[in-house]
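Chemist: Okay, here's the prediction I keep looking at, along with the sequence it came from:
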Amino acid sequence: MNVLWVLAHPEPRSLNGYLATEGQRALRAEGHQVEESDLYAMNWNPTVDTAGYAHRPAARFQVAAAADRAYKNGTQSADIRAEQEKITRADAIVIQFPMWWFGMPAILKGWFDRVWHQGFAYGLRGPNGEWIGYGDGFLAGKRALAVVTMGGPAWLYGERGIHGAVGELLFPLQHGTLFYAGAEVLPPVLIPGADRLTPEEGETAAKELRERLLAMPTTEPVPYRTQNGGDYDDKRVLRPDVAPGLTGLGVHLA
C-alpha cells in the first residue's frame, strides 16, 4: 500500500511521536510506502483565507465557491495542492492525534478545512448526475484509520462514562468526514490514559498499533449505512422501517 500518515502533535518526543515512528517503521518493514504530513513540523497554516484559493480580497469571499473555482483552475496554494496530491496517491490514510477537548487539535481541523474543500472532497456527482457521499466519493476504494490518544482512563469514554462514548466523540471525523468522502473507515486505535503510561505500557500500545496497521487491508470496516444503499429516503433521512423508534448517532450503524 501507499499510506499517507497525517500527524498532529507538537512534540516529536511524545508518546504520539513514538507511536508514529514505530507505526511507520512497521509499515515500511513490510514493503509499504509511507508519506507523512507532520503538521506541526510543516508549520501548517490551519486558517482558511483568500490566499489559499487565489481569491481577490476586494471581492466577497464565499469560501466553498472560491475553493471549487481554484481547484478547477489549478490556482489553489501550493501547500493545499501538495496535500491533495498525497491523498490521491494514497491507498490508505492514517489520521493520528491527541484528543483535545473532545476533538482533534485545531491544526488538524484546519488541514481538513483547507484541503478537503468543495470540488475536491465534496460537492461531487456520480455518473447519472446524482450527489454522492457517505460510502461513495473521492476516497472510494481507500481505507482510513484514526489513531487517537486520550488523557483520561478508558472508562471515562465508555457507553456510560461521563466524557461520552468515544465512538460518538469520533463520529464527526469517522462518519461525517472520512465515510462521507467514501473511505472504508476502520475501527480506531485508541490509547487511553496516555499522560500516565509507563514505558512498558507505551510499548504495549505500540505493539497493538503495529498489529492494527499491518491488518489494515483485511480489517472489517465500521458498518456505517451507505447513503444510496436503500436505508435512507430521498431526503437522506432513515426510512421509518429502519431501526424503528431509535434515534441518535448509533442508528447510522447497520
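Modeler: Yep, it's here.
Chemist: Please enumerate the strands of the stretch 51-200 of the chain.
Modeler: Counting by DSSP state E, counting those that start in this stretch, the segments of the stretch 51-200 of the chain that form strands are 92-98, 143-149, 184-185, 189-191.
Chemist: can you list those in a markdown table and add mean pLDDT?
Modeler: As requested, the strands of the stretch 51-200 of the chain are exported to a markdown table (pLDDT from 0 to 100):
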| stretch | mean pLDDT |
| --- | --- |
| strand 92-98 | 97 |
| strand 143-149 | 97 |
| strand 184-185 | 96 |
| strand 189-191 | 95 |
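Chemist: Could you export these to a markdown table, including columns for mean neighbour count?
Modeler: Using the backbone N, CA and C atoms, a C-beta is placed for each residue, glycine as well. Putting the strands of the stretch 51-200 of the chain into a markdown table (neighbours: other CB atoms under 10 Å) gives the following:
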| stretch | mean neighbour count |
| --- | --- |
| strand 92-98 | 23 |
| strand 143-149 | 23 |
| strand 184-185 | 23 |
| strand 189-191 | 21 |
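Chemist: Make TSV out of these and add distance to residue 52.
Modeler: As requested, those are exported to TSV (distance: least, CB to CB, whole Å):
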stretch	distance to residue 52
strand 92-98	21
strand 143-149	24
strand 184-185	27
strand 189-191	31
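Chemist: Can you check which of these gets nearest to residue 236?
Modeler: strand 184-185 (18.5 Å; CB to CB).
Chemist: ok so, going back, out of the strands of the stretch 51-200 of the chain, which is closest to residue 129?
Modeler: It is, among these and with distance given as CB to CB, strand 184-185, at 24.9 Å.
Chemist: Against which helices or strands is that closest one packed?
Modeler: Applying 3 or more CB pairs under 8 Å, 6 or more residues apart in numbering; DSSP states H and E, one finds that strand 184-185 contacts strand 143-149.
Chemist: Pull the distance from the strand it packs on to the chain's centre.
Modeler: How far strand 143-149 lies from its chain's middle: 7 Å, per CA atoms, centre = their mean, to the nearest Å.
Chemist: starting at the chain centroid, how far to stretch 159-173?
Modeler: Taking mean C-alpha positions (CA atoms, centre = their mean), stretch 159-173 and its chain are 16 Å apart.
Chemist: Show me the contact partners of it.
Modeler: Contact with stretch 159-173 is made by 95, 99, 102-104, 146, 148, 150, 152, 155-158, 188, 190, 249-250, as judged by CB atoms under 8 Å, 6 or more residues apart in numbering.
Chemist: Which among these count as buried?
Modeler: Applying 16 or more other CB atoms under 10 Å to the contacts of stretch 159-173, the neighbour count classes 95, 99, 104, 146, 148, 150, 152, 157, 188, 190 as buried.
Chemist: neighbours of residue 234, just the number please.
Modeler: Residues contacting residue 234 under the criterion other CB atoms under 10 Å number 5.
Chemist: which residues in the stretch 1-150 of the chain form helices?
Modeler: Along the stretch 1-150 of the chain, the segments classed as helices by DSSP state H, counting those that start in this stretch run 15-29, 63-73, 78-89, 106-115.
Chemist: Can you name every helix or strand that the first one contacts?
Modeler: Just to be clear, that refers to helix 15-29. So helix 15-29, by 3+ CB pairs under 8 Å, 6+ apart, packs with strand 2-7, strand 33-38, strand 92-98, strand 143-149, helix 199-214.
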